[in-house]
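**Student:** sequence and computational prediction follow.
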Amino acid sequence: MGKIQIKFTSQFADDVADLAYFIESKGLFETAEIYAYKLYSFIDRLNFEIVDYAYCSDIDRRAAGLRCLIYRKKYTIVFYQFQDEVIFTEFIPSKLIK
């Protein structure tokens with residue numbers, strides 16, 4: 001059994017970069033770097049081989065087969081979970097999920 005491949009879309013990377021830029025605009029340069037590092041570490045620690053994560057509560061995302069994880073009570077990580085790969089598509093504020 002091989003390791004599951006993790007991929008990030010350019011939209012996901014842009015969402016994380018936008019958040020880091022916002023934090024940097026407040027003068028918190030180290031905090032922005034640490035936040036992004038902790039986010040990717042969190043994703044790396046997820047066990048996709050054992051856990052089948054829940055589908056999104058948003059009807060449109062659920063219909064598309066997307067799954068959602070809450071990150072630090074404020075953000076939602078949106079992704080596809082297949083048997084051999086996981087594709088992260090969005091990193092958005094949880095308030096934007098209907």
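**Tutor:** Cool, the structure landed.

**Student:** only C-alpha atoms from now on, for both contacts and neighbour counts.
**Tutor:** Fine.

**Student:** now the longest strand anywhere in the chain - C-alpha only, CSV.
**Tutor:** Ordering each strand of the chain by length in residues (DSSP state E) puts strand 85-93 first. Extracted as CSV, the C-alpha positions of strand 85-93 are listed here (Å, rounded to 0.1, in the frame of the first residue of the first chain):
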residue,chain,number,x,y,z
GLU,A,85,-4.5,11.2,-3.6
VAL,A,86,-5.9,14.3,-1.8
ILE,A,87,-6.3,17.6,-3.7
PHE,A,88,-6.6,20.7,-1.6
THR,A,89,-8.7,23.3,-3.4
GLU,A,90,-9.6,26.2,-1.1
PHE,A,91,-8.6,27.8,2.2
ILE,A,92,-11.4,30.2,3.1
PRO,A,93,-12.9,31.9,6.1
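
**Student:** tell me which other helices or strands it touches.
**Tutor:** Using 3 or more CA pairs under 8 Å, 6 or more residues apart in numbering; DSSP states H and E, the elements in contact with strand 85-93 are strand 5-8, helix 10-25, strand 75-81.

**Student:** out of these, flag the one nearest residue 34.
**Tutor:** Across the helices and strands packed on strand 85-93, residue 34 has its closest neighbour in helix 10-25 (9.3 Å, CA to CA).

**Student:** still on that earlier bit, would you mind saying which of the helices and strands packed on strand 85-93 lies nearest residue 33?
**Tutor:** Per CA to CA, nearest to residue 33 of these: helix 10-25, 7.0 Å.
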